[in-house]
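In: how does the following fold in three dimensions:
(2 chains)
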Protein chains: 2
Amino acid sequence: MSFTQAAHKLLVIPGPIEFSDPVLLANATPGTAHTSPAFIPVFGESLSLLREVLLSKKESGSQPFLIAGSGTLGWDATAANLIEQGEEAVVLNTGYFSDGFADCLEAYGAKVTQVKAEVGSIPTDDAIVSALASKPKLLTITHVDTSTGVLSPAGHIASLVKKHSPDTLIALDAVCSVASEEIKFDEWGVDVVLSATQKGLGVPPGLSVVLASKRAIQTVESRKTPIGAYYISWKRWTPVMQNYEAGKPSYFATPPVQLIYALNTSLKAILSSPIADRFAAHKKASAYVKDSLAELGLDFVPKSRDIAANGMTAVRFPKGVTAPDVLPKLAEKDIVVAGGIHKAIASEYFRIGHMGITAVDRERGDLEKVIKGVKEVLGKA
Amino acid sequence: MSFTQAAHKLLVIPGPIEFSDPVLLANATPGTAHTSPAFIPVFGESLSLLREVLLSKKESGSQPFLIAGSGTLGWDATAANLIEQGEEAVVLNTGYFSDGFADCLEAYGAKVTQVKAEVGSIPTDDAIVSALASKPKLLTITHVDTSTGVLSPAGHIASLVKKHSPDTLIALDAVCSVASEEIKFDEWGVDVVLSATQKGLGVPPGLSVVLASKRAIQTVESRKTPIGAYYISWKRWTPVMQNYEAGKPSYFATPPVQLIYALNTSLKAILSSPIADRFAAHKKASAYVKDSLAELGLDFVPKSRDIAANGMTAVRFPKGVTAPDVLPKLAEKDIVVAGGIHKAIASEYFRIGHMGITAVDRERGDLEKVIKGVKEVLGKA
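Out: Have a look, this model is predicted:
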């Protein structure tokens, strides 16, 4: 069955992104029972493929979860399952979404210490090591903060945790990095990767994507107090996910069948080439966008290129130019970018997403179109 | 743009159900920003149309919520927002899904009293009135328990609550009843209707559908303790939903854009005729199925027709016949029904769904096909 999606403006915000025709067709799969022989292997395979994208082996005991929800639900899952009342969590804060993770942890009773970085920067090693002195239960990293485009060196930070407080669990908010930035789940010793589908994974929004380590699952099992939530209890979901991965139907709450078909389609496309090539393609796309914008004399929100995300670019307006001068004019050219959302600098920058097919399938010409549009709108064509 | 869904087996379980081509096409909407001028009115309108389906007026102060999640998430939302530690909740138990709601309430600290009915029956008025003597904070009704097909007389129960404990909040689990059974939200004085999209609303699963009364929202606002959750906090979502309904973009977590397009398409189709006609069509479809099965000498799980759901039928196997004798043979005829799931009688019955287009668009011939299939498989053709 062939399908061509409707004509539409080019969506180059940092998520949702452009979706491929096969992914959208999969999202239009006819009514299918969540326990049907057709669907069970699709769900099971999707769980396994998610591990592959995150460079994790099943033998590590890592446990994937695909649950109806947004990326934000992963914060709740992390907090509700891993934190008991009054336990300490350290949040490495690189922007708006780190603020949110901290708020969420507090809602579940965590005592949160934030290690804040200047806007566009990352916390220093010294600050991180200091925060680890109290041996917190959990440390969170926002891999790419979508508000600033800052990329945290997650592997390096994980190594600091392993050295200075090895019992501290590590949660990586990878909503804006899964499948666009390399994540070595097993090698780094991360305990939770939480994400969503509408960014690097290239699937419509509505699916919470989580991988938990064996240690994280053991932490849940050895809680002293019951989990103060229901829908996101890993105790309830773990057997369901394990059954599906083993080819057996199982029920706790109805999975979003169509979204899982869509994710399966996208994961297979992603893994049809070596995953390293995909990350390289995102780096190349990012360099093209950033170099092109730099040539126009524009500055970036991240203080340096080595802490700038490869799946998005947060770029400052030229002096005297504001969002209403740029975004509506790009929209007239059928190019949809996003405004700033970091409170401290919201009016000073805008954001371009370059994840998924836009970054990998360069024959589409998406990025050339964006750069051309930006040049024209800024009068630099 | 025209679209015809792929050929597939007829899905007549009590959810997910058959989806129309326009709904599936809407679920394949190209990548669209959750804050785009195209999407904002679609989201806003969907919130308003949901009120219409539930016979609620905006002036009543009722607040709709459409959030990525399954129907189960509505239990969490009800419990987390309305219950504070140790408060009493009465669960009227008519099956498996009432058990779940009770478990969920307990996870959030409620002191739960269950009023259990015999399998296939509903609690007596006397039992309900007794349970209200302690003036509980909340009473829950499972409108249609999908495990038994029992329809609770929600309006009547609400009137008992109003008479005997008017301050008790009323939560109606309407996962298997919205748009297939009449719900008079304002007239009955219900405080929460919680549902999902994959049943009577005829949209793929993945969207939690909730309507909360003004009194429920006020209860949240006057809590003594903070909400012990984040993603499902109505405090966080209420301004977002109000902004979208007022035509303004807003952000807390990314909405499932494609599912909301699909819901919008379905809600418009549902409301293209008087809603009373829709409920009548479901009653007629239900009567056809139940009468046809009764003619074959089959019995039903609900003890009487007046407490049997109109969107599904839970029917007992003839003596000596079990699920493996029937379900696989129906599947060979491309008819997918569901087995029993109520622990006490799981092997003794099966379930047929007749919601949405299967019930309303009788020219499809879905129900005639099901009845013919059942007759053949039982050797009664």
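
In: C-alpha only now, for contacts and for neighbours.
Out: Noted.

In: and the helix ranked longest in chain A, what does it pack onto?
Out: Assignment by DSSP state H gives helix A:275-295 as the longest helix of chain A. Applying 3 or more C-alpha pairs under 8 Å, 6 or more residues apart in numbering or on different chains; DSSP states H and E, one finds that helix A:275-295 contacts strand A:312-316, helix A:357-360, helix A:366-377.

In: how far does the longest one sit from the chain's center?
Out: Translated: helix A:366-377. 25 Å (C-alpha atoms, centre = their mean, to the nearest Å).

In: is chain B within reach of stretch A:307-320?
Out: No: between stretch A:307-320 and chain B, judged by C-alpha under 8 Å from any C-alpha of the partner chain, nothing touches; the nearest distance is 15.2 Å.

In: next one: that stretch to chain centre, how far?
Out: That offset, for stretch A:307-320, works out to 18 Å (C-alpha atoms, centre = their mean).

In: again, but for stretch A:275-293
Out: Worked out by C-alpha atoms, centre = their mean, stretch A:275-293 lies 17 Å from the chain centre.

In: who touches that stretch?
Out: A:53, A:179-182, A:270, A:299, A:309-313, A:354-355, A:359-360, A:367, A:371 (C-alpha atoms under 8 Å, 6 or more residues apart in numbering or on different chains).

In: do the same with stretch A:52-65
Out: With C-alpha under 8 Å, 6+ apart, stretch A:52-65 has contacts from A:47-48, A:50-51, A:178-179, A:182-186, A:208-214, A:217, A:237-238, A:241, A:271, A:275.

In: tell me which of these fall in strands.
Out: A:S208, A:V209, A:V210, A:L211, A:A212 (DSSP state E).

In: quick check: closest non-adjacent residue to the last one.
Out: I take that to be A:A212. Excluding the flanking residues, the one nearest A:A212 by C-alpha to C-alpha, 6 or more residues apart in numbering or on different chains is A:V192, at 4.5 Å.

In: buried stuff in the longest helix of chain A?
Out: A:275, A:278-283, A:285-286, A:289-290, A:292-293 (16 or more other C-alpha atoms under 10 Å in any protein chain shown).

In: picking that back up, which of the helices and strands packed on helix A:275-295 is buried the deepest?
Out: Across the helices and strands packed on helix A:275-295, the average number of neighbours (mean count of other C-alpha atoms under 10 Å in any protein chain shown) peaks for strand A:312-316, which reaches a mean of 26.

In: from the contact counts, what lies against the helix or strand following it?
Out: The helix or strand immediately downstream of strand A:312-316 is helix A:323-332, counting by DSSP states H and E. If contacts are counted by 3+ C-alpha pairs under 8 Å, 6+ apart, helix A:323-332 sits against strand A:338-339, helix A:366-377.

In: mind checking the pLDDT average for the helix or strand A:S195 falls within?
Out: Remark: A:S195 resides in strand A:192-196, with elements defined by DSSP H and E. The pLDDT scores in strand A:192-196 average 98.

In: what comes into contact with that strand?
Out: A:70-71, A:74-75, A:78, A:170-176, A:178, A:185, A:205-213, A:216.

In: quick one: which of these sit in helices?
Out: Filtering the contacts of strand A:192-196 for helices - DSSP H - leaves A:G74, A:W75, A:T78, A:F185, A:A216.

In: show me which residues of the stretch 151-300 of chain A are close to chain B?
Out: Taking C-alpha under 8 Å from any C-alpha as the contact definition, the stretch 151-300 of chain A meets chain B at A:204-207, A:226-231, A:253-258.

In: what's the ChimeraX line that selects buried ones from the residues you listed?
Out: Of these, the buried ones can be selected in ChimeraX as follows, counting by 16+ other C-alpha under 10 Å:
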select /A:204,205,206,207,227,228,229,230,231,253,254,255,256,257,258
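
In: neighbours around A:G86, how many?
Out: By other C-alpha atoms under 10 Å in any protein chain shown, the residues close to A:G86 number 12.
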